[in-house]
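Chemist: no FASTA, just this:
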């Protein structure tokens, strides 16, 4: 809902429990008024009459108060917009008009001598979506050095703390919280994709706990290089600025009539602590971001850790039979099915089945997988090419490279310049043909290296490939989804290297991490759920010991319960599992299918973090709740604490269908984990239904 003052210069966006207000002064200075608990329009108008402080030689009255700081004039904060024309650099805008659309979008239009700037706002539930459009209306050229999606201004508080998700390959989404100090804290990616090192999300609070206190969070929807800067200014005010691109070396060059629209930078205020903020983010993504979010994601089997590159049709079919027998619903053939792909040294770019491994293509295997009652999926990495490939030999100029410089190979591959229209059309033809050649239901879309030599010889403005690569990726995914509506897509980038609101708007789930160790995954999943829901969080049960990373041995029970916290998958070599292991796996898969609606669509409560000892999460949907608990470490004789459930009616009773026990809604739950074990790992699943 958008309320507008009678003078047309104060705007108030309101959700169920929060409001966002801004005001345009007579001097066309756009000021931030309020972001927090819900207020009335009269309250916003009262805030609008507060005068700005006077000018001082070394300070600006606008700094820390402007809604969208631009470069130029009496401003010294980081500008959200930096524009260069043939005559000048910077912006001196004037207000033109405002309007609202039927879906509640507020648009504020400004002009600077032929450069049109539109600020977009939309409140969805309690999430404020913000983005910006810049158009060249009158110049021979307009260079966008920087065009951030939004600047967020926080209320005056003391003792702000900053939470962020950091990491690296196989150790993504690690939550860290630290005091915010004066100056800027900058996170981001200069790698061409979202990156394993930071998720594009920050949260700020002063004294919040998991279930109490105010939390301000911001999440950027962009799958390329990005930057978020959190600044505590000299007067202690705090602003958060973010958008596409890591530095200010240039985004795009706009010809007359061309425009650039930034990604969405979404903001959320919650007074329900970090858990309340997480549940609001999850609900927002399920309602407005994730395609077909109301559908259950199937239990999948992926062949990678079972076979690596040594695959054949017969071998995959043997795995498929075992997978179907334990209740798997989706069978995915990973890397190695195409071209000359017998290792990571060849084949990328040649998206046709290997004739030695699949002499009649993928259709016979896909048909047999369907005959076993499962869906069929494949792995692709379309944005990459091996030098040893038919594609590269035919088109060596299609990759990103700098003339006169060595073409850096990482994982024996180069990055295709997806900003080129001929590359876009080639990939569309290859992938459309592939998806039409066999009954394929699912595509695991990988991206296994970063940009390094991001050059484009012959292009007048080669910097644009950083933005246009991502825009072309989005367009290709959108086109494929429209042409093949029955195909689901998973975003993967060496694990969790491309997870953000932008790619989640075009894919059905994401590969959280290449680390499939069930104990390591608890911390990764704890961080991931700060902003993203279990409905998109893919997790696998793989072989033990975990020979790919750490050699740790763990029980099948612990591995399954860890993976059941999200979208369950299996990635072990089922042909080597014993009859007892297969029978146990079948029971876990059956149990997951029973609790899946609650896990994938319910509200998530993090009962105890994975900091050693006991950790637990709870999911609540309607009359049902599910608790997953893990005993990570234990000294001999140490008691395992009970956990208090949340999100239930404290006056109601809930029954455990397995044991017949009845619990009150706010009671401490004794979970039945084994005790008296030294250094052992244990896990459990508890279901309760209201009676």
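Modeler: Structure received. Keep in mind the model is a prediction, meaning the values are calculated, not measured. Numbers count the residues shown, from 1 in each chain.
Chemist: what packs against the helix ranked longest in the chain?
Modeler: With secondary structure taken from DSSP state H, the chain has its longest helix at helix 579-601. Packing contacts for helix 579-601, counted by 3 or more Cβ pairs under 8 Å, 6 or more residues apart in numbering; DSSP states H and E, involve helix 313-325, helix 556-563, strand 567-570, strand 614-621, strand 624-631, strand 682-690. Backbone N, C-alpha and C define where each C-beta goes, glycine included.
Chemist: which residues touch it?
Modeler: Among residues not part of helix 579-601, those counted as contacts by Cβ atoms under 8 Å, 6 or more residues apart in numbering are 286, 294, 296-297, 299, 322, 325-328, 533-535, 541, 556-557, 560-561, 564-568, 570, 574, 577, 619-621, 624-626, 685, 687.
Chemist: which strands or helices does the helix or strand containing residue 12 pack on?
Modeler: Using DSSP states H and E, the element containing residue 12 is strand 10-14. If you count contacts as 3+ Cβ pairs under 8 Å, 6+ apart, strand 10-14 packs onto strand 2-4, strand 18-24, helix 41-48, strand 106-112, strand 115-124.
Chemist: one more time with 7 Å, if that's ok
Modeler: Applying 3 or more Cβ pairs under 7 Å, 6 or more residues apart in numbering; DSSP states H and E, one finds that strand 10-14 contacts strand 2-4, strand 18-24, helix 41-48, strand 115-124.
Chemist: parallel or antiparallel, which strands does that strand pair with?
Modeler: When pairing is defined by DSSP bridges, strand 10-14 lines up against strand 2-4 (antiparallel), strand 18-24 (antiparallel).
Chemist: any buried residues in the shortest one, and which?
Modeler: Put plainly, it is strand 2-4. Using 16 or more other Cβ atoms under 10 Å as the test for burial, strand 2-4 gives 2-3.
Chemist: stretch 623-643 now?
Modeler: Those would be 624-632, 634, 640, 643, for stretch 623-643 by 16+ other Cβ under 10 Å.
Chemist: reformat those residues as TSV; add distance to residue 156 and pLDDT.
Modeler: Compiled in TSV, these are given as follows (distance: Cβ to Cβ, whole Å; pLDDT from 0 to 100):
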residue	distance to residue 156	pLDDT
624	43	95
625	39	95
626	41	96
627	40	95
628	40	96
629	41	94
630	41	94
631	44	90
632	41	85
634	46	69
640	44	79
643	37	89
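Chemist: can I get these in JSON lines with distance to residue 396?
Modeler: Below are the buried residues of stretch 623-643 laid out as JSON lines (distance: Cβ to Cβ, whole Å):
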{"residue": "624", "distance to residue 396": "57"}
{"residue": "625", "distance to residue 396": "57"}
{"residue": "626", "distance to residue 396": "53"}
{"residue": "627", "distance to residue 396": "56"}
{"residue": "628", "distance to residue 396": "50"}
{"residue": "629", "distance to residue 396": "55"}
{"residue": "630", "distance to residue 396": "50"}
{"residue": "631", "distance to residue 396": "55"}
{"residue": "632", "distance to residue 396": "50"}
{"residue": "634", "distance to residue 396": "58"}
{"residue": "640", "distance to residue 396": "61"}
{"residue": "643", "distance to residue 396": "59"}
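Chemist: what is the most widely separated pair among those residues?
Modeler: Greatest spacing in these, by Cβ to Cβ: 624 and 634 (29.5 Å).
Chemist: where along this structure do the helices fall?
Modeler: For the chain, the helices defined by DSSP H occupy 41-48, 273-288, 304-307, 313-325, 363-371, 390-394, 421-437, 465-483, 501-504, 518-528, 556-563, 579-601.
Chemist: is it possible to mark the buried ones in the contacts of helix 579-601?
Modeler: 286, 297, 299, 322, 326-328, 533-535, 541, 556-557, 560-561, 564-568, 570, 574, 577, 619-621, 624-626, 685, 687.
Chemist: summarise which helices and strands the helix or strand of the chain with the lowest mean pLDDT is packed against.
Modeler: Least confident helix or strand, the chain: strand 668-669 with a mean of 79, by mean pLDDT, DSSP states H and E. Under the contact definition 3+ Cβ pairs under 7 Å, 6+ apart, strand 668-669 sits against strand 643-644.
Chemist: now do the strand it packs on: distance to the chain's middle.
Modeler: Strand 643-644 sits 30 Å away from the centroid of its parent chain (Cα atoms, centre = their mean, to the nearest Å).
Chemist: likewise for stretch 608-625?
Modeler: 22 Å.
Chemist: okay, how far is it across that stretch, tip to tip?
Modeler: End-to-end distance of stretch 608-625 (Cα to Cα, to the nearest Å): 16 Å.
Chemist: show residues contacting that stretch.
Modeler: With Cβ atoms under 7 Å, 6 or more residues apart in numbering as the test, stretch 608-625 has contacts from 522-523, 526, 565, 597-599, 601-607, 626-633, 640-641, 643, 645-648, 654, 688-690.
Chemist: can you check stretch 549-568 too?
Modeler: 170, 297, 299, 509, 515, 517-519, 521-522, 525, 534, 537-541, 544-546, 569, 581, 584-585, 588, 592, 599-600, 617, 628, 630, 681-685.
Chemist: got a PyMOL select line for the buried ones in these?
Modeler: Here is the PyMOL command that selects only those of the contacts of stretch 549-568 that count as buried (16+ other Cβ under 10 Å):
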select buried, resi 170+297+299+509+515+517+518+519+521+522+525+534+537+538+539+540+541+544+546+569+581+584+585+588+592+599+600+617+628+630+681+682+683+684+685
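Chemist: before we move on, the earlier item: could the helices and strands packed on helix 579-601 go into a markdown table alongside distance to residue 210?
Modeler: What follows is those, written out as a markdown table (distance: least, Cβ to Cβ, whole Å):
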| stretch | distance to residue 210 |
| --- | --- |
| helix 313-325 | 37 |
| helix 556-563 | 20 |
| strand 567-570 | 24 |
| strand 614-621 | 11 |
| strand 624-631 | 15 |
| strand 682-690 | 20 |
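Chemist: residue 498 is nearest to which of the ones you listed?
Modeler: Per Cβ to Cβ, nearest to residue 498 of the helices and strands packed on helix 579-601: strand 567-570, 16.7 Å.
Chemist: below-threshold pLDDT in the stretch 501-650 of the chain: ranges please.
Modeler: 634-637 (pLDDT under 70).
Chemist: output the below-cut-off pLDDT ranges for this protein.
Modeler: Low-confidence segments of the chain (pLDDT under 70): 54-57, 634-637, 674-680.
Chemist: rerun that using 80 as the cut-off
Modeler: Along the chain, segments meeting pLDDT under 80 span 51-59, 612, 633-640, 664-668, 670-672, 674-680.
Chemist: residue 443: what's it in contact with?
Modeler: For residue 443, the contact set (Cβ under 7 Å, 6+ apart) comprises 377-378, 380, 487, 489.
Chemist: now it: how far from residue 490?
Modeler: Remark: distance between residue 443 and residue 490 (Cβ to Cβ, to the nearest Å) = 7 Å.
Chemist: phi first, then psi, for the residue sitting nearest the centre point of the chain.
Modeler: Closest to where the C-alpha atoms of the chain average out (Cα atoms, centre = their mean) is residue 500, at 2.6 Å. Main-chain dihedrals, residue 500, degrees, to the nearest 10: phi -170, psi 170.
Chemist: that one contacts residue 225, doesn't it?
Modeler: No - assessed by Cβ atoms under 7 Å, residue 500 is found out of contact with residue 225, at 11.6 Å.
Chemist: residue 437 against residue 361, yeah?
Modeler: Yes - counting by Cβ under 7 Å, residue 437 touches residue 361, with 6.0 Å between them.
Chemist: what is the burial count for residue 449?
Modeler: When counting by other Cβ atoms under 10 Å, one arrives at 22 neighbours for residue 449.
Chemist: which one is it nearest to, not counting chain neighbours?
Modeler: Of all residues not flanking residue 449 in the chain, residue 410 sits nearest, at 4.1 Å (Cβ to Cβ, 6 or more residues apart in numbering).
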